[in-house]
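Peer 1: here's a sequence, model it:
(one chain, ligands or ions: 1)
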Amino acid sequence: MTITIVGHGYVGLVTAAVFADLGNTVWVIGRDKNKIAKLKKGDPLFYEPGLSEMLQRNLNAGRLKFTLEYTEAIPSSSVVFIGVGTPPKEDGSADLSNVLTVVENIGKHINNYIVVACKSTVPVGTNRRIKDIILKKCKMHPSKFDVASCPEFLREGNALSDTLHPDRVVIGTENKKAQEVLLEFHEPIDGERVLTTIESAEMIKYASNSLLATKISFANMIAFLCDKVGADVEQVLQGVGLDHRLGRSFLYPGVGYGGSCLPKDVNALIKTGEQYGESMDLLKEVEHINQQSRERLIGKVSVLLNEIKTKRTVAILGLAFKPDTDDLREAPSLKVIGSLLSKYPDIRIQVFDPIVKQDNHPLFKNVIYSNDPYKAATKADVLIILTEWNEFRKLNLEKVKKLMRGSEIIDGRNIYEPNAVKKLGFSYQGVGRS
Ligand SMILES: NC(=O)c1ccc[n+]([C@@H]2O[C@H](COP(=O)([O-])OP(=O)(O)OC[C@H]3O[C@@H](n4cnc5c(N)ncnc54)[C@H](O)[C@@H]3O)[C@@H](O)[C@H]2O)c1
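Peer 2: Next up is the predicted model:
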């Protein structure tokens, strides 16, 4: 099959590479000449395990093609997937301007029958709007296209495997022909097929991300109380999660959820609820607890730093919002670094992340970049863990202790066993366990 994907970010490029690898001809449409030139040479522009190799393989095979021109791609495609960003607006609602621009461009270039399938996360009602734009604004005949909502569920860091082996493939469309085209296209992919209306498919995506966020905030709420009553939240949640009705997945406390999806999708669903007269109080509290989880960590660090009068130095291990990605969107590290810099103008912040580079964010101009975790820890008063990269779990903490000036560990991801760390002479504070 020949398909087009508009957008070459985490969703667009991964989908393109995987479906090209399955033997399809895949056009990827972008809007930036320089980026398209780099992609044509096999540079994925961001880090995702295995993506670079898959990209190169399919470029070499001639199955993956990058272009700026809709006219090159749309007329020969059976399906066009929209995978552009839907960032949050000031008020928390989803900014649909990228999607709507792309839809107009698609609409103008339809020639043969095509399914316009939206993978971008968009509020309920958007796919009907997409259909309207193509019909009315682009004056396209209804027999030439159908729309479908095909929400994406991949996780950054695991995106290739998630695309090939998803738990489910959701196809929301009111049209049998579009459903058949999409079922055939997804045939080599694992996962339950969930065939729904357009509105239900749109809601499945937001409901899923909101429930994931709710589990994380629930774990944090329990952790806050464990801190006060002297319980160990990891033992508590282990005990809770063994109940098969509940499970342990996403019941992990820490510095809260981040990334490009959960924070924006929770806020967008709150906004949709409000538009329809639903107050969405549960999700407002989920978001509030998420902010608190960052603030509590900053509070713990501040108590320690207030005791130090000269050359306050902290080491931060982990900058990305989660391991195996360089994505910094809504990463707790940004809030923690920003807040420490403004509270303590003379502070020295030494950071290490296995993937994130100093030029990935303007804030990092104000910190000392280290190329290994031990350098970052050298002469630090406090060591803060913000991302649970595996390599931090097996650090030589005896060595770290000798290198540090102080002996404080603030473990924002509960990756260490408190007693083991304390035996080495550290003072340890995790989340909901000390
Ligand atoms: N990142 C994830 O883990 C993930 C998972 C599931 C769903 N989603 C959703 O998928 C969508 C895309 O997310 P992402 O993380 O891939 O975003 P991203 O920011 O990584 O990439 C967005 C892409 O859209 C392109 N783009 C924007 N406007 C364009 C235009 N007018 N014309 C052509 N290209 C344009 C950008 O150049 C970029 O390549 C979002 O709605 C997101 O919520 C993301």
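Peer 1: can you pull the contacts of whichever residue of the stretch 1-150 of the chain sits closest to the ligand?
Peer 2: Residue nearest to the ligand within the stretch 1-150 of the chain: Gly9 (1.8 Å; Cβ to the nearest ligand atom). No exception for glycine: its C-beta is placed from N, CA and C like everyone else's. Going by Cβ atoms under 8 Å, 6 or more residues apart in numbering, Gly9 touches 46, 83-85.
Peer 1: just the terminal-to-terminal distance for stretch 413-420.
Peer 2: Start and end residues of stretch 413-420 are separated by 16 Å (Cα to Cα, to the nearest Å).
Peer 1: if we can go back for a sec, farthest pair within the contacts of Gly9?
Peer 2: Using Cβ to Cβ, the contacts of Gly9 span at most 14.9 Å, a distance reached by Phe46 and Val84.
Peer 1: so how far is the ligand from the closest residue to Asn414 other than its chain neighbours?
Peer 2: Once flanking residues are discounted, Asn414 sits nearest to Gly430: 4.6 Å by Cβ to Cβ, 6 or more residues apart in numbering. Between Gly430 and the ligand the computed distance is 27 Å (Cβ to the nearest ligand atom, to the nearest Å).
Peer 1: likewise for Ser217?
Peer 2: Separation of Ser217 from the ligand (Cβ to the nearest ligand atom) stands at 19 Å.
Peer 1: you'd agree that residue is up against Ile289?
Peer 2: Yes - assessed by Cβ atoms under 8 Å, Ser217 is found in contact with Ile289 at 4.0 Å.
Peer 1: any residues in contact with both of these two?
Peer 2: In contact with both Ser217 and Ile289: Gly256, using Cβ under 8 Å, 6+ apart.
Peer 1: work out the gap between stretch 340-358 and the centre of the chain.
Peer 2: 22 Å (Cα atoms, centre = their mean, to the nearest Å).
Peer 1: which parts of the stretch 151-300 of the chain are strands?
Peer 2: 168-172, 192-196 (DSSP state E, counting those that start in this stretch).
Peer 1: ok, back up a step: Ser217 and Ile289 - which one has more neighbours?
Peer 2: Between Ser217 and Ile289, counted using other Cβ atoms under 10 Å, the more crowded position is Ser217 (26 against 20).
Peer 1: for the residue nearest to Lys379 when sequence neighbours are not counted, give me its contacts.
Peer 2: The shortest distance from Lys379 to any residue other than its chain neighbours is 4.8 Å, reached at Arg405 (Cβ to Cβ, 6+ apart). By Cβ under 8 Å, 6+ apart, Arg405 lies in contact with 313, 379-381.
Peer 1: go again with 10 Å.
Peer 2: 308, 311, 313, 377-382 (Cβ atoms under 10 Å, 6 or more residues apart in numbering).
Peer 1: and for Val240?
Peer 2: 218-219, 222, 233, 246-248, 251.
Peer 1: tell me which of the residues you listed is nearest to Asn414?
Peer 2: Val233 (7.5 Å).
Peer 1: sorry, back to before: for Phe46 and Val84, indicate the residue with more neighbours.
Peer 2: Val84 (26 against 16).
Peer 1: can you name the residues of the stretch 251-400 of the chain sitting close to the ligand?
Peer 2: Residues of the stretch 251-400 of the chain lying near the ligand by Cβ under 6 Å from any ligand atom: 260-261.
Peer 1: how about 5 Å then?
Peer 2: Proximity of the stretch 251-400 of the chain to the ligand is confined to Ser260 under the rule Cβ under 5 Å from any ligand atom.
Peer 1: from what I see, the residue nearest to Asn414 and Asn419 are in contact.
Peer 2: No - applying Cβ atoms under 10 Å, one finds Gly430 not in contact with Asn419, separated by 11.4 Å.
Peer 1: the two - which one has more neighbours?
Peer 2: Gly430 (27 against 8).
Peer 1: phi, psi for that one please.
Peer 2: phi -100, psi -160 (degrees, to the nearest 10).
Peer 1: that one and Val233, how far apart?
Peer 2: Relative to Val233, Gly430 is positioned 8 Å away (Cβ to Cβ, to the nearest Å).
Peer 1: now swap in Glu274 and tell me
Peer 2: Computed as Cβ to Cβ, the Glu274 to Val233 distance reads 32 Å.
Peer 1: higher neighbour count, the two?
Peer 2: Neighbours were counted for Glu274 and for Val233 using other Cβ under 10 Å; Val233 has more, 24 against 15.
Peer 1: show me where the stretch 251-400 of the chain has its helices.
Peer 2: Listed from the start of the chain, the stretch 251-400 of the chain has helices (DSSP state H, counting those that start in this stretch) covering 262-275, 281-306, 332-343, 373-377, 390-393, 397-403.
Peer 1: the third one to helix 281-306, inter-axis angle?
Peer 2: When axes from the mean of the first three to the mean of the last three Cα atoms, to 10 degrees is applied, the directions of helix 332-343 and helix 281-306 differ by 50 degrees.
Peer 1: right, and the helices of the stretch 251-400 of the chain - which one's nearest Gly50?
Peer 2: helix 390-393 (16.5 Å).
Peer 1: quick one: buried residues of the closest one?
Peer 2: Phe392 (16 or more other Cβ atoms under 10 Å).
Peer 1: now it: average pLDDT?
Peer 2: Average pLDDT, helix 390-393: 97.
Peer 1: again with stretch 138-149
Peer 2: 97.
Peer 1: how about it and the ligand, any contact?
Peer 2: No - with Cβ under 5 Å from any ligand atom as the criterion, the ligand is not reached by stretch 138-149; the gap is at least 11.9 Å.
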